[in-house]
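Chemist: Pasting a predicted model and its sequence here:
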Amino acid sequence: MRTIGSKKLAVEVEGSGEPVILIHGLGGTTNVWGPQLYALTPKFKVIRYDLEGSGRSPAASALSIESWVDDLDALMCAEAIAKARLVAHSLGTLIAQHFAARHPDRVDRLVLLGVNRAPTDERRQALRERAAKVRAGGLEAIVDSVMAGGLSPHARKNPPVEAFARELVLRQSPEGYARSCEAVAAAQAADISRISCPVLLLAGEDDTVSPVTVSQSFAQSLPDAQVIVLRECGHWLPIERPVEVAERLVAFL
């Protein structure tokens, strides 16, 4: 646990070389990137951290995309990183987009897995309802629906994958998770016209949370972006297709 800015955040730094920062999604922690870590650390200095309100990083204040962007800024300053490669999953892609739009000169390359833009009104309401369920009944009240909606049918036939994803969600702080849901529900789209670096979008063929068309539309709005679709994969790309994701990251970064 480290003090980053004014907050206590769980931060892990491994490897050496040019910096790569890994940002997890809603219900995730640094552990979601475990399968990719071993491929990246021989070539890069890899920084993983639990977002405020997730995993081992307590929610000390109200959460928002803006506050998470500020935390990323503070983390880079604490590590004396002027420019980094950012890799983000799901909720993390919102943070990475807003950071890259705010600080285009500080992002060398950007990888977005299961990219999110501003939620639809239906999605905003669903996230607020999920937060209310967690506060009323704990993570157990929503974990089954999160697994059903997030994992591909192929992943659900692989017991270790679903067990890992369930454990990631169930080990969250209920209040931190609820606040995170509300922060995503309130999110606005980043001005991606300000993103100038090369961008790789990895999309799961079976992702119903962020369908392939979202990644394709996103890429069309950028000057230097490519989309790679992973077959038989849902929204939890780093753990559903760990080897392929690792290979794609190393090749692009």
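Modeler: Good, I have the coordinates. Residues are numbered from 1 along each chain as shown.
Chemist: Strands of the chain, start to end?
Modeler: Taking DSSP state E, the strands of the chain run over residues 2-4, 7-9, 11-14, 18-23, 44-49, 84-89, 107-113, 199-204, 225-230.
Chemist: Can you read off the pLDDT for Asn31?
Modeler: For Asn31, the pLDDT comes out at 96.
Chemist: Give me the neighbour count for it.
Modeler: 19 (other Cβ atoms under 10 Å). C-betas here are computed from N, CA, C, even on glycine.
Chemist: can I assume it is in contact with Leu168?
Modeler: Yes: Asn31 lies in contact with Leu168 (Cβ atoms under 8 Å); the separation is 6.7 Å.
Chemist: Pull up the overlap in contacts between those two.
Modeler: The overlap between the contact sets of Asn31 and Leu168 (Cβ atoms under 8 Å, 6 or more residues apart in numbering) is empty.
Chemist: Which residues does stretch 176-193 contact?
Modeler: Here stretch 176-193 makes contact (Cβ under 8 Å, 6+ apart) with 26-27, 51-54, 58-59, 62-65, 67-68, 91, 94, 97-98, 100-101, 116-119, 123-125, 127-128, 130-132, 134-135, 139, 169, 218, 221-222.
Chemist: Can you give me the end-to-end span of it?
Modeler: This stretch, stretch 176-193, spans 32 Å end to end (Cα to Cα, to the nearest Å).
Chemist: For Glu240, find the nearest of the strands of the chain.
Modeler: For Glu240, the closest of those is strand 199-204, at 6.9 Å, according to Cβ to Cβ.
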